[in-house]
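K.L.:
all I have is the shape, not the residue letters:
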Ligand SMILES: CCCCCCCC/C=C\CCCCCCCCCCCCCC(=O)SCCNC(=O)CCNC(=O)[C@H](O)C(C)(C)COP(=O)(O)OP(=O)(O)OC[C@H]1O[C@@H](n2cnc3c(N)ncnc32)[C@H](O)[C@@H]1OP(=O)(O)O
Ligand SMILES: Cc1cc2nc3c(=O)[nH]c(=O)nc-3n(C[C@H](O)[C@H](O)[C@H](O)COP(=O)(O)OP(=O)(O)OC[C@H]3O[C@@H](n4cnc5c(N)ncnc54)[C@H](O)[C@@H]3O)c2cc1C
């Protein structure tokens, strides 16, 4: 995050000064924004940067215990520099959060500089090798030119020039949220690879006396656990491509001082980061548990994969907070639509009349047609967004202010943002396949994946579709069955579909997911390397177990 921030927030002179040092690994930096007391509420950050016009320096301080920077990756022991987000004060006025480049450690002996106290925050659930750290600043002075001044400036006499948009400071977070969508796709693809390969190797139980034990991948329940997640990994792959394209386009516009789509990008990236990381987080556990006991071994690769992925739901914007950010924009879009304004692409459906025609019992509608089903996802999203928006309006009519009305409707707002994100993902998956140049055989296989993703997505949220009369109960049941009927067809290509992710064994780091499927021999070999097996009799025997046993044997 250090380099992307410099690339996005530096003036051209600052780029020339700092970026070569980064690219050549002459300095190593981190992004120090979160504090002990605040991670979400950025306007509440307490670190201060007071401008001293006499020396043309900023004086940085951590004024309270809660202002100590806390969590930044590689801050504890590795980074020589940091982008520090601090409240800017100049000529006696506070201008809010701004980014400053701060050198933390000497480039000669790596010791912390004067006014800098840094260290590691201690063991975490995962990311063991990463020294997430703390930073306490005490009257630490930096040159005026170390404030990143592409968008806002402080002149030598202390005069402040404000940015065209205050939220431009948040641009790096948007970029990383887009990367996390990619990270979700990768993590779920890895977990699917491990679980499906292992399920093809593992044989268990005797269905009928005398018959060989079947591969567990042949059980419909195992397929029902894993194949929708496999399809989701493919869906997220296409979504991250689409998300990165939108990000690049909007970022190019921003670089040309066109800020018209910055809100739409923030809302979409926030919703997709939250949606994909939540789904992936849960999916990793389903994949682990589908591998039985061996899934719980470090040898499976799942414990580390989960421990390293799960903070994706928290960092770079806690998921609930980001869903609320997305929903806040959607409510604004409903208002704009109702006042006749044209809405941008990813939200234009909110101005369409997508009112459902209740299907009743036998609808005669083609419930296997993906384009039709995507229109139902659209209906569901539109209904949820309008419902939540109306709730906000009712809150205001009841005398609440906007903040109060948004907060009171927040549970529904999160549901609406989830439905919006889900519609975007399902639509993007189906549309991406139409554009794919592939053989008819491959198109057929991918269509099966898109179908099981769309069917299962409705099955798992059928309440949304039934409550709003988008589907009847019997139609929802039919769609649920359509998903189950697809499973044996996907089974034929399941291993090939995970092999297609092309994870090398060294990257997958999983004995269960080895490409050669030689699991048992390698599990046994892996166990031999366990530290506990260095000696046949563990040293602790002589200190504890031996004396205990001998003492009790003498009583026999
Ligand atoms: C091109 C090169 C590509 C290279 C790709 C390489 C290949 C990659 C391969 C694989 C990828 C896998 C790897 C994936 C992992 C990536 C690494 C992950 C490591 C990350 C480590 C974690 C780092 C961190 O956690 S850094 C700290 C993160 N902190 C946050 O995110 C804080 C979250 N909180 C907030 O953002 C705030 O709540 C808030 C600012 C959103 C809201 O605060 P507020 O109350 O002050 O404001 P309001 O709600 O009133 O909003 C005000 C106003 O601002 C708008 N807004 C807010 N944020 C933004 C934004 N980001 N952009 C635009 N606009 C924003 C908001 O909408 C409001 O607008 P209004 O118009 O409504 O007023
Ligand atoms: C592994 C890891 C790496 C990190 N790396 C970095 C880094 O490099 N740099 C950096 O600056 N930070 C980093 N962070 C910090 C991270 O960005 C924050 O933890 C994150 O932004 C969440 O903020 P918080 O911890 O204050 O959670 P909080 O916001 O306190 O969240 C706690 C709960 O409060 C709820 N909540 C908060 N606000 C609202 C609201 N307005 N409405 C409804 N509910 C709300 C949340 O939904 C959540 O359930 C990292 C964190 C982790 C775990």
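P.N.:
Great, that's in hand. Computed from a predicted model, the values in this text were never measured in an experiment. Ligands and ions are numbered 1, 2, ... in the order given.

K.L.:
grab the nearest non-local neighbour of residue 337.
P.N.:
With Cβ to Cβ, 6 or more residues apart in numbering as the criterion, residue 337 has its nearest non-adjacent residue at 3.7 Å, and that residue is residue 351. Bear in mind the C-beta positions are built from the backbone N, C-alpha and C, glycine included.

K.L.:
was I right to think residue 402 contacts residue 389?
P.N.:
No. Counting by Cβ atoms under 8 Å, residue 402 does not reach residue 389; the two are 12.0 Å apart.

K.L.:
more neighbours: which of those two?
P.N.:
Of the pair residue 402 and residue 389, residue 389 is the one with more neighbours under other Cβ atoms under 10 Å, namely 24 against 12.

K.L.:
please see if the helix or strand hosting the more buried one touches ligand 1.
P.N.:
Assigned by DSSP states H and E, residue 389 belongs to helix 370-397. No. For helix 370-397, no contact with ligand 1 is found by Cβ under 6 Å from any ligand atom; the gap never falls below 12.9 Å.

K.L.:
one more: stretch 346-354?
P.N.:
No. Judged by Cβ under 6 Å from any ligand atom, stretch 346-354 makes no contact with ligand 1; its nearest approach is 13.6 Å.

K.L.:
can you pull the buried residues of that stretch?
P.N.:
By neighbour count with 16 or more other Cβ atoms under 10 Å, stretch 346-354 contains the buried residues 346-347, 349-351, 354.

K.L.:
between the residues you listed, which is nearest ligand 1?
P.N.:
Nearest to ligand 1 among the buried residues of stretch 346-354 is residue 347, at 13.6 Å by Cβ to the nearest ligand atom.

K.L.:
the closest one contacts residue 332, correct?
P.N.:
No. With contact defined as Cβ under 8 Å, residue 347 does not reach residue 332; the gap is 9.5 Å.

K.L.:
residues in contact with the closest residue to ligand 2 within the stretch 151-300 of the chain?
P.N.:
Closest to ligand 2 within the stretch 151-300 of the chain is residue 173: 8.5 Å, counting by Cβ to the nearest ligand atom. By Cβ atoms under 8 Å, 6 or more residues apart in numbering, the residues touching residue 173 are 316-317.

K.L.:
moving C-terminal of the strand or helix carrying it, what's the next helix or strand?
P.N.:
Using DSSP H and E, residue 173 sits in helix 171-201. Per DSSP H and E, the first helix or strand lying C-terminal to helix 171-201 is helix 220-255.

K.L.:
and that following helix, does that touch ligand 1?
P.N.:
No. Judged by Cβ under 6 Å from any ligand atom, helix 220-255 stays clear of ligand 1, getting no closer than 7.1 Å.

K.L.:
buried residues, that helix. List them.
P.N.:
Using 16+ other Cβ under 10 Å as the test for burial, helix 220-255 gives 222-223, 225-240, 242-243, 246-247, 250-251, 254.

K.L.:
near ligand 1, which residues of the stretch 451-556 of the chain?
P.N.:
For the stretch 451-556 of the chain, no residue is in contact with ligand 1 (Cβ under 6 Å from any ligand atom).

K.L.:
what pLDDT is listed against the closest residue to ligand 1 within the stretch 101-250 of the chain?
P.N.:
Ligand 1 sits closest to residue 183 of the stretch 101-250 of the chain, with a gap of 2.9 Å, by Cβ to the nearest ligand atom. On pLDDT, residue 183 comes in at 98.

K.L.:
likewise residue 358?
P.N.:
As predicted, residue 358 sits at a pLDDT of 50.

K.L.:
then residue 354?
P.N.:
We have a pLDDT of 71 for residue 354.

K.L.:
can you pull the buried residues of the helix or strand harbouring residue 527?
P.N.:
Taking DSSP H and E as the definition, residue 527 sits inside helix 519-528. Going by neighbour count (16+ other Cβ under 10 Å), the buried part of helix 519-528 is 519, 522-523.

K.L.:
go on, stretch 171-183?
P.N.:
Neighbour-count burial for stretch 171-183 [16+ other Cβ under 10 Å]: 171-183.

K.L.:
three-state assignment of whichever residue of the chain sits closest to ligand 2?
P.N.:
For the chain and ligand 2, the shortest gap (Cβ to the nearest ligand atom) falls at residue 39, measuring 2.3 Å. Put simply, residue 39 is coil when judged by DSSP: H, G, I helix; E, B strand; the rest coil.

K.L.:
got phi/psi on it?
P.N.:
Main-chain dihedrals, residue 39, degrees, to the nearest 10: phi -130, psi -40.

K.L.:
can you count the residues close to it?
P.N.:
Neighbour tally, residue 39, other Cβ under 10 Å: 18.

K.L.:
and residue 89, helix, strand or coil?
P.N.:
Assignment for residue 89 (three-state DSSP): strand.

K.L.:
thought it was touching residue 47?
P.N.:
No. Assessed by Cβ under 8 Å, residue 89 is found out of contact with residue 47, at 11.2 Å.

K.L.:
neighbour count for these two, which is higher?
P.N.:
Legend: neighbour count by other Cβ under 10 Å for residue 89 and residue 47, higher for residue 47 (25 against 17).

K.L.:
need the strands for the stretch 301-450 of the chain, in chain order.
P.N.:
Taking DSSP state E, counting those that start in this stretch, the stretch 301-450 of the chain contains no strands at all.

K.L.:
where in it is pLDDT low?
P.N.:
Flagging of the stretch 301-450 of the chain using pLDDT under 70 yields the residue ranges 355-363.

K.L.:
okay, the residue of the stretch 151-300 of the chain closest to ligand 2: pLDDT?
P.N.:
pLDDT, residue 173: 94.

K.L.:
for residue 269, see how far away it is.
P.N.:
The spacing between residue 173 and residue 269, counted by Cβ to Cβ, to the nearest Å, is 9 Å.
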